[in-house]
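Undergrad: after the sequence you'll find the predicted model.
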Amino acid sequence: MKRIVSVSLGSSKRNSTATVTILGEEVTVERIGTNGSIEKAIALIKELDGKVDAFGMGGIDLYVHASGRRYAFRDARRIAAAATRSPIVDGSGLKNTLERRTVHWVNENLMPLRGKRVLMTAAVDRFGMAEALDSVGADIVFGDLMFALGIPIPIRRFRTIHILARLLLPIITQLPFTWLYPTGAKQESREPKFTEYYQWADVIAGDWLYIRRHAPDRLPGKTILTNTVTPADIEWMRQAGVATLVTTTPNLGGRSFGTNLMEGLIVAAAGRKPEEMSPADYEHWLDRIGFAPRVEHFAAARSGSAASD
């Protein structure tokens with residue numbers, strides 16, 4: 001049986017394990033949080049290196065993509081270097097493929113997105129999703145400056161993201177990652193801010209921990225487009241009045257795992273090194289495995305419906 005482990009800087013309270021059958025073979029997928037400790041993440045990867053079929057790197061991106069360029073986070077490079085025998089991935093391959101196709105699936109099967117008001121909490125860590133939302137004509141507010149840097153400037157044009165990314169990412173990726181993203185216990189707390197954009201939006205898209213950390217108590221009638229949600233997150237959405245949840249990764253054992261874990265699963269199934277995988281390769285394996293978005297409708301009390309139903 002293959003074993004894929006996501007080593008995450010996130011809270012250990014979000015740990016989970018599931019066994020699934022992929023292309024006729026049983027695979028165990030497991031998420032282990034280190035509560036924000038980079039050193040614990042490195043130690044855990046060294047302990048499991050060569051004993052697992054692939055690692056996912058959670059709670060931190062190794063790469064962010066913008067304007068055809070790739071930028072690597074300094075802290076993430078340290079973590080990735082701990083794996084010398086088992087392949088390690090950060091989910092950016094699926095963010096560039098699976099998340100694009102999820103947006104187009106939503107546009108064609110769930111709701112036309114042209115003219116829909118979308119708050120995307122951060123575009124640079126989910127460039128594929130952002131680019132796809134822009135391509136289908138959504139009316140988007142990008143929150144990169146607001147939520148990552150605390151600068152109260154909403155970005156309304158995708159071209160501005162390109163320009164800012166080229167200017168800022170070479171600097172930002174060298175900063176401590178904990179300055180930019182909630183890790184460890186911060187993932188369990190909320191600090192609502194810029195809530196007027198949550199209220200304005202029809203759809204709130206992007207990283208779930210960013211979305212939840214800064215969301216107001218109530219999100220009546222909203223659609224959430226994200227991934228990596230637990231049963232506790234689902235209950236929070238119900239209480240907040242969310243109408244619909246769409247996750248880019250499927251429901252496995254009651255939760256949607258991160259793209260890093262799903263990408264590790266694909267790399268292990270393909271039996272290839274991550275650097276050998278092209279976007280076309282990921283598309284091929286997504287078709288073979290048959291990943292479909294998870295869709296839950298809360299307002300109509302019709303939870304559990306899935307895109308593949």
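TA: It's in.

Undergrad: could you pull out the helices for the stretch 151-300 of the chain?
TA: Counting by DSSP state H, counting those that start in this stretch, residue ranges of the helices within the stretch 151-300 of the chain are 158-172, 195-200, 208-214, 231-240, 259-270, 279-289.

Undergrad: now for the second one, which elements pack on it?
TA: Yep, that's helix 195-200 we're talking about. Applying 3 or more Cβ pairs under 8 Å, 6 or more residues apart in numbering; DSSP states H and E, we find helix 195-200 packed against strand 117-120. C-beta coordinates here come from the backbone N, C-alpha and C atoms, glycine included.

Undergrad: which helices and strands sit right next to the strand it packs on?
TA: Using 3+ Cβ pairs under 8 Å, 6+ apart as the contact criterion, the elements in contact with strand 117-120 are helix 127-135, strand 139-142, helix 195-200, strand 203-205.

Undergrad: quick one on the thing from earlier: which of the helices of the stretch 151-300 of the chain sits most buried?
TA: With neighbours defined as mean count of other Cβ atoms under 10 Å, these peak in mean count at helix 259-270, which reaches a mean of 27.

Undergrad: contacts for it?
TA: The contact list for helix 259-270 (Cβ atoms under 8 Å, 6 or more residues apart in numbering) reads 2, 4-6, 22-23, 25, 27, 29, 31, 53-58, 87-95, 98-99, 227-228, 248-249, 273-274, 277, 281-282, 285-286, 289, 291.

Undergrad: which among those end up buried?
TA: Neighbour counting over the contacts of helix 259-270 (16 or more other Cβ atoms under 10 Å) leaves 2, 4-6, 22, 27, 29, 31, 53-58, 87-95, 98-99, 227-228, 248-249, 274, 277, 281-282, 285-286, 289, 291 as the buried ones.

Undergrad: among those residues, which are in strands?
TA: When those are checked against strands (DSSP state E), the matches are 2, 4-6, 22, 27, 29, 31, 54-58, 88-89.

Undergrad: show me which pair in these is furthest apart.
TA: Using Cβ to Cβ, the pair of these lying farthest apart is 22 and 57, separated by 20.3 Å.

Undergrad: which among the helices of the stretch 151-300 of the chain is found nearest to residue 104?
TA: Among the helices of the stretch 151-300 of the chain, the nearest to residue 104 by Cβ to Cβ is helix 279-289 (12.4 Å).
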